[in-house]
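Visitor: Mind folding the following:
(one chain, ligands or ions: 1)
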Amino acid sequence: MSRGTCATIDARALATNLAKVREHAPNSRIWAAIKADAYGHGAVETARALHAADGFALATLDEAQALRDAGIQHPLILLEGTVDADQARQAIALGCATVVHQAEQLAQLEALGPLVRDQSLWLKIDTGMHRLGVAPEAVADYWQRMSALSALPVGLLSHFAAADEADAAPTESQLAVFERCERQVGSVPCSLANSAGILAWPNSHRDWVRPGIMLYGASPGFGKTGQQLGLQPAMTLTSPVIALRDIAVGERVGYGGRWTAQRPSRIATLAIGYGDGYPRQAPDGTPVWLNGQRVPMAGKVSMDMITVDVTDVPMVQIGDHAELWGNHLSVDEVAANIGTVGYELLTRVSSRVPRHWRHLD
Ligand SMILES: *Cc1c(COP(=O)(O)O)cnc(C)c1O
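Guide: Numbers count the residues shown, from 1 in each chain. From the prediction side, this is the model:
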């Protein structure tokens, strides 16, 4: 039986945010990033809600298998490629485009020979993030060897490290490196832009854009919330009040007694904790939305519960639902209070929290 804590996912918000990506990048195709269980929203349902995307970007073969099992036939791309020949074979069988970012991956594909003939391949370039990708000087050689394997055009891919930052220099430098590589291989499909690139770097859009976080209505950065960027939150995380008590000045709340009442206070206990993915690091004062206003966290996050100070909320009752983030309280604002990003809060919501889908009707 559920405790009443749940994540409501709004299919219309997902579709609206996808339309927003199209507005920003009207001449590009869209790989919707639905890795990590669609940033915690549920991969298969999210793929259905985003059926107007041109393809889906994934991190693991299991994700690709789950989508194919659910009958989803869109193009897929495995963003980090495969780790061995077996996986490469599986990716081919699933019709999932693969990325080559280092030498072993290319050797594995070459060993498979003719099997790779109809496989869509992308070469990832390290344009300055220094996480994945082949060095710019090696691009021409890799690209030629990959083109000898597949009959399809081999694309070029890279990833931005700081496209959401005020300082344009790192992104300009990455773009310049990418363009130098592009000139060496001629006119091929290219893909660079994540959400931040889509919003702030129109000259990076190229053939395929790869939005993730903006589809879910959260912000990639810029010191703004998703709503301030014109996006609609797809997930609203709610939990009921399961206990209420009045405590005297000087009484302490929760593990270690981190929070102390400075005035006679009313404390509400909610049925959500770090076992549900709500971060234990949340400090006192982290906002929670209850009965039309923000209330501050009071005391440490427990595994199954949190406590909030509702002294200033007129009529709180057992069973009232609080919003941890969503339509009234931006996940980006909550994340800023905790010292993390909306990406992490969304992907951490655990499997114990049921996802309830609201569909378009
Ligand atoms: C996750 C990911 C994206 C999407 O990034 P957002 O910042 O969520 O838009 C794009 N490209 C790659 C390679 C990724 O790993």
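Visitor: low pLDDT regions in the stretch 1-150 of the chain?
Guide: Counting by pLDDT under 70, the stretch 1-150 of the chain has low-confidence residues at 1.
Visitor: Now do the contacts for the residue of the chain found nearest the ligand.
Guide: Closest approach between the chain and the ligand, counting by C-beta to the nearest ligand atom: Gly212, at 2.4 Å. Placement of C-beta: from N, CA and C, glycine included. Residues near Gly212 by C-beta atoms under 8 Å, 6 or more residues apart in numbering: Ala32, Ala33, Lys35, Tyr39, Ala57, Asn194, Ser195, Tyr343.
Visitor: Can you tell me how far it is from Gly197?
Guide: Separation of Gly212 from Gly197 (C-beta to C-beta, to the nearest Å): 11 Å.
Visitor: quick revisit: can you tell me which of the contacts of Gly212 end up in strands?
Guide: In this view, those that belong to strands under DSSP state E are Ala32, Ala33, Ala57.
Visitor: Buried residues, stretch 61-76. List them.
Guide: For stretch 61-76, the neighbour count (16 or more other C-beta atoms under 10 Å) marks Leu61, Glu63, Ala64, Ala66, Leu67, Arg68, Ile72, His74, Pro75, Leu76 as buried.
Visitor: export the residues you listed to a markdown table and tack on secondary structure?
Guide: Below are the buried residues of stretch 61-76 laid out as a markdown table (DSSP: H, G, I helix; E, B strand; the rest coil):
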| residue | secondary structure |
| --- | --- |
| Leu61 | helix |
| Glu63 | helix |
| Ala64 | helix |
| Ala66 | helix |
| Leu67 | helix |
| Arg68 | helix |
| Ile72 | coil |
| His74 | coil |
| Pro75 | coil |
| Leu76 | strand |
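Visitor: got the residues you listed as CSV, with distance to Thr286 columns?
Guide: Listed next are the buried residues of stretch 61-76 as CSV, based on distance: C-beta to C-beta, whole Å:
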residue, distance to Thr286
Leu61, 37
Glu63, 31
Ala64, 37
Ala66, 34
Leu67, 35
Arg68, 40
Ile72, 37
His74, 38
Pro75, 40
Leu76, 37
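Visitor: Now for the closest residue to Leu67 other than its chain neighbours: which residues touch it?
Guide: Excluding the flanking residues, the one nearest Leu67 by C-beta to C-beta, 6 or more residues apart in numbering is Ala47, at 5.8 Å. Applying C-beta under 8 Å, 6+ apart, we find Ala47 in contact with Ala32, Ile34, Ala38, Phe56, Leu67, Ala70, Ile72, His74.
Visitor: surely the fifth one meets Val44?
Guide: Yes: with contacts defined as C-beta atoms under 8 Å, Leu67 counts as touching Val44 at a distance of 6.5 Å.
Visitor: Stretch 187-205 near the ligand anywhere?
Guide: Yes: legend: contact between stretch 187-205 and the ligand by C-beta under 6 Å from any ligand atom is shown at Asn194, Ser195.
Visitor: Show me what that stretch is in contact with.
Guide: 21, 24-25, 27-28, 31, 33, 122, 143, 153-160, 163-164, 171, 175, 178, 182, 206-215, 220-222, 229.
Visitor: ranges for the strands of the stretch 151-300 of the chain?
Guide: For the stretch 151-300 of the chain, the strands defined by DSSP state E, counting those that start in this stretch occupy 155-157, 190-191, 208-209, 235-247, 252-253, 259-260, 265-270, 287-290, 293-296.
Visitor: Let me have the ones you listed in TSV, extended by mean pLDDT and mean neighbour count.
Guide: Formatted as TSV, the strands of the stretch 151-300 of the chain follow (pLDDT from 0 to 100; neighbours: other C-beta atoms under 10 Å):
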stretch	mean pLDDT	mean neighbour count
strand 155-157	98	24
strand 190-191	98	24
strand 208-209	98	24
strand 235-247	98	19
strand 252-253	98	18
strand 259-260	98	19
strand 265-270	98	22
strand 287-290	98	22
strand 293-296	98	17
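Visitor: For these, give me TSV that also has distance to His328.
Guide: Putting the strands of the stretch 151-300 of the chain into TSV (distance: least, C-beta to C-beta, whole Å) gives the following:
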stretch	distance to His328
strand 155-157	38
strand 190-191	35
strand 208-209	30
strand 235-247	8
strand 252-253	24
strand 259-260	23
strand 265-270	15
strand 287-290	5
strand 293-296	9
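Visitor: Next to the ligand, which bits of the protein? Give me the list.
Guide: Checking the chain against the ligand by C-beta under 6 Å from any ligand atom, the hits are Ala33, Lys35, Leu79, His159, Asn194, Ser195, Arg210, Pro211, Gly212, Ile213, Pro220.
Visitor: Go ahead and build a PyMOL selection from the buried members of those residues.
Guide: A single PyMOL command selects the buried members of the residues of the chain next to the ligand (16+ other C-beta under 10 Å):
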select buried, resi 33+35+79+159+194+195+210+211+212+213+220
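Visitor: which of the residues of the chain next to the ligand sit farthest apart?
Guide: Maximum pairwise distance among those (C-beta to C-beta): 16.3 Å, between Leu79 and Pro220.
Visitor: Low-confidence ranges, the stretch 151-300 of the chain, go.
Guide: Within the stretch 151-300 of the chain, no range satisfies pLDDT under 70.
Visitor: again, 90 this time
Guide: Counting by pLDDT under 90, the ranges of the stretch 151-300 of the chain that qualify are 186.
Visitor: No further questions, thank you.
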